[in-house]
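In: missing the sequence, but the structure's below:
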């Protein structure tokens, strides 16, 4: 593995650029370079692992053992990268993927806008694999913007990277396996959690039952059962929570929740929210990949063919960024797209690619069957996706409330882009990551149509912050000069 | 809000936040160090002046914006803590500043 | 939508962008029954590329009547802002402190000075004040400018507005005044019908006694059936917006302004690339570089978003306002300065249209000018 330390260390061009060093990106880069593809792996964090295997190469071993066996897989993937021929650029932020200057059309490759050490540059690549992973689903409850309200994922990052555990009066709330995983990890680390408020809708179990046999036959079962058992031992679980509200003056001091028609209150100073993860689509969208609504996952994801190629020729999407399937699947999809890229680049023939794909697809199908039960069981309740209380902030960056969104939908705004023009929602630095799904579902509800019909924000570069000075130092063309300085 | 596990490694690093001297560890991001020191809010929003603090710790929420060594609008969760860093809470929209320096 | 009832209205406005919305608001204020038919969420929408300028200086080279039309609109703008405030409670943030065009070299400054002189030497050019400023005087008025700024042209009539609030206010205002607004209502066909026109599309049908085409680049397709002419060409412009910073720039510049929300907007590229609305890094790179040379303190600001939109350009770049000769109730309105001209559209054009014709002030802007051989 060749580590890229400064912006000048990059080659002008690679055959393959992989964006994101989580399980999918690690597997893709290692596999592709083993097939003879000149590869660069770009990641914004200082060490590999993405979110799920965060700090896997830097955290103390004892802490990683506490996190569970899965963490070992992350270490293995990092080792595989380490012995590969791939270039690896940590702390490198990719802000754009676009056709090269003056050339468009399939086969021309791409120019990746990267920022490292405060300097930006364009790097060429014939093929691109986006492996930017998932993010927490927004959880818009009243008071969710108060200091002291964070995500479950944030608590995991604090634990993994810095050995921090929640202290004081702490409540977990939401639904999904990750919430229970966190509860058991924190318990194992010695944290005391006041309560876990479970918002899993009761009716989900009936809907999930048809998928139960496959789950029982899968590896998820044993993991899941032991997880739940540990979580139950760890803390007080209040299930069937139907409403949740965070309160406090200038920071969180209490939570009020509703269960079985009754209200209860917990004084606390840290609330960790989680209701599943959704694909991070900003880079794919800005690259021009078509995004489709997935009603099973209640999220948008890039449109992908059987080889996980997006609607932009030459751009593949691996891992949770293409649809939530978990870390194990991410590794298989990472390898699958690597074989695809290697075949397109002529390093291997189609027959070899197809052969390798058989086993990978089999593994993916098995994992998908097992997961379906979890997806159905932990489908988040509508009232936590579409806030009823008008004062709830929907767009955190621009402080646009649910009431404002509803009023504007009633005026006739047909979709999130017009909504953005009317209200500024989605115009802040997060570029809609924390409000996009909420806004789309609210407009869908107002119009009485499916979110598929409503669509998502039109995404544009830069998808991560880059300064004017960095942009100013990018190469320009005579046409560009003429276009501006007339 | 958060406390450090006993197995925490990494040298202690001192830094300042709004003039207070605080300590973190090598390997912390600025956000983690602030949370470890009990700081919940790190800015007031430009729109309404509401207090905000870190939310996602993975670089997508843009709530943990602070001023670091004179440069505003830095995401605290994406910046590794360094010895002697001067961190300030960001009150509203920060003033536009001088020439670019490599971060 | 088959089987949907036919909507009857007095005036159908095709297009819900800045031009259509301003016209509809004005017509609704005149107590006309109006129905606005707009496209969906992802449509060309030149309005999204607006720079929110209410801009006078430099306009009208080649057509002094346009300078007259523009200065009239700028003067009328406070009345529009007040009307919207009264009707909707929304303050659109109109600020007319005067604006600057900065030059980054002596050659650039000279070229702009010459252009202004040519502009103001035109016969029938309305007289309005402007100043040519050297670096020192520019710096006195804009303390944050960089060393490379050679000078500037200042015009006290220039200003800017919060265009998003303007857009919201126009829509809210027309709704309050009884206008009907339909999104996802792209128009397929327009045909004469008893009493006026039948406008049809996937949404169903609207019957209107009169019709305003304000569909931007869509006018090109719809105009001919109404005996109107609209040869319109898309002109691509890109915009950069930075994160919010504390206010430091109150005057708008031709290519750079600070919004009242705090972000810096940087524009003003022009390219003919058909219907391409992708963001191209080289262009925003040049824009960023010029912005930093104008105001060095912008260097470390993060770009929060960038986008591209297509200006609606007529053959000579000036507006077209026209009443169809074949169908007296059909009108066309197109321009590429929808913000500056919003006041005229709402408060001058609309009242005249309500009475069935274009105002005299708009008469230079018919398409007849494209058929008159140019004097040598």
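Out: Yep, that arrived. Please read all numbers here as calculations on a predicted model, not as lab measurements.

In: output the below-cut-off pLDDT ranges for the stretch 351-486 of chain A.
Out: Counting by pLDDT under 70, the stretch 351-486 of chain A has low-confidence residues at A:486.

In: and if we set it to 80?
Out: Applying pLDDT under 80 to the stretch 351-486 of chain A flags residues A:485-486.

In: show me where it has strands.
Out: A:393-395, A:400-401, A:466-467 (DSSP state E, counting those that start in this stretch).

In: and the last one, what does it pack against?
Out: Judged by 3 or more Cβ pairs under 8 Å, 6 or more residues apart in numbering or on different chains; DSSP states H and E, the packing partners of strand A:466-467 are strand C:302-313. Just so you know, the C-beta spots here come from the backbone N, C-alpha and C atoms, and that holds for glycine as well.

In: mind redoing it with 10 Å?
Out: For strand A:466-467, the elements it packs on are strand A:92-98, strand A:110-116, strand A:119-130, helix C:281-294, strand C:302-313, judged by 3 or more Cβ pairs under 10 Å, 6 or more residues apart in numbering or on different chains; DSSP states H and E.

In: can you give me the domain boundaries for the chain?
Out: Defaulting to chain A. Taking automatic domain parsing as the reference, chain A has its domains at A:2-135+A:278-348, A:138-275, A:386-454.

In: I was thinking of chain C, sorry if that wasn't clear
Out: Split by automatic domain parsing, chain C gives C:7-53+C:164-231+C:316-370, C:99-156, C:233-313.

In: turn those domains into JSON lines, columns for distance to residue A:80.
Out: Listed next are the domains of chain C as JSON lines, based on distance: least, Cβ to Cβ, whole Å:
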{"stretch": "domain C:7-53+C:164-231+C:316-370", "distance to residue A:80": "42"}
{"stretch": "domain C:99-156", "distance to residue A:80": "50"}
{"stretch": "domain C:233-313", "distance to residue A:80": "34"}
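
In: from chain B, how far out is the closest residue to residue A:303 other than its chain neighbours?
Out: Spatial nearest neighbour of residue A:303, chain neighbours left out: residue A:290 (4.4 Å); criterion: Cβ to Cβ, 6 or more residues apart in numbering or on different chains. As judged by Cβ to the nearest Cβ, to the nearest Å, residue A:290 and chain B stand 22 Å apart.

In: can you give me the neighbour number for residue A:290?
Out: By other Cβ atoms under 10 Å in any protein chain shown, 13 other residues sit near residue A:290.

In: re earlier: so can I have TSV of the helices and strands packed on strand A:466-467 showing mean neighbour count, distance to chain B and mean pLDDT?
Out: Below are the helices and strands packed on strand A:466-467 laid out as TSV (neighbours: other Cβ atoms under 10 Å in any protein chain shown; distance: least, Cβ to the nearest Cβ, whole Å; pLDDT from 0 to 100):
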stretch	mean neighbour count	distance to chain B	mean pLDDT
strand A:92-98	24	8	96
strand A:110-116	24	9	96
strand A:119-130	23	7	96
helix C:281-294	24	8	93
strand C:302-313	22	6	90
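
In: could you point out which of these sits nearest residue C:23?
Out: strand C:302-313 (14.6 Å; Cβ to Cβ).

In: parallel or antiparallel, list what pairs with the closest one.
Out: Here strand C:302-313 is paired, per DSSP bridges, with strand A:466-467 (antiparallel), strand C:233-244 (antiparallel).

In: by how many degrees do it and strand A:92-98 diverge?
Out: 10 degrees (axes from the mean of the first three to the mean of the last three Cα atoms, to 10 degrees).

In: ranges for the helices of chain B?
Out: Using DSSP state H, the helices found in chain B span residues B:30-36.

In: what does chain C give?
Out: C:18-29, C:64-88, C:106-120, C:135-141, C:163-176, C:219-222, C:281-294, C:342-344, C:350-354.

In: tell me which of those lies nearest to residue A:422.
Out: Taking those one by one with Cβ to Cβ, helix C:163-176 is closest: 4.8 Å.

In: residue ranges with poor pLDDT in chain B?
Out: B:97-103.

In: what sits closest to whatever residue of chain C ends up closest to chain A if chain neighbours are left out?
Out: Nearest to chain A, among the residues of chain C, is residue C:41, at 2.5 Å (Cβ to the nearest Cβ). Distances taken as Cβ to Cβ, 6+ apart place residue A:415 nearest to residue C:41, at 2.5 Å, with adjacent residues excluded.

In: ok, now residue A:353?
Out: residue A:343 (4.0 Å).

In: could you report the neighbour count for the one you found?
Out: 20.

In: would you agree it is in contact with residue A:316?
Out: No: Residue A:343 lies out of contact with residue A:316 (Cβ atoms under 10 Å); the separation is 11.6 Å.

In: shared neighbours of those two, anything?
Out: residue A:307 (Cβ atoms under 10 Å, 6 or more residues apart in numbering or on different chains).

In: show me the contacts for the most centrally placed residue in chain C.
Out: Central residue of chain C (Cα atoms, centre = their mean): residue C:338, 1.6 Å from the mean position. Counting by Cβ under 10 Å, 6+ apart, residue C:338 touches C:17-22, C:46-47, C:49-50, C:163, C:166-167, C:214, C:216, C:311-312, C:319, C:345.

In: one more time with 8 Å, if that's ok
Out: C:17-19, C:22, C:46-47, C:50, C:345 (Cβ atoms under 8 Å, 6 or more residues apart in numbering or on different chains).

In: can you put those in CSV and add distance to residue B:62?
Out: Listed next are those as CSV, based on distance: Cβ to Cβ, whole Å:
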residue, distance to residue B:62
C:17, 30
C:18, 30
C:19, 35
C:22, 35
C:46, 30
C:47, 27
C:50, 26
C:345, 38
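
In: for chain A, tell me which of those residues show up nearby.
Out: Checking those against chain A by Cβ under 8 Å from any Cβ of the partner chain, the ones in range are residue C:47.
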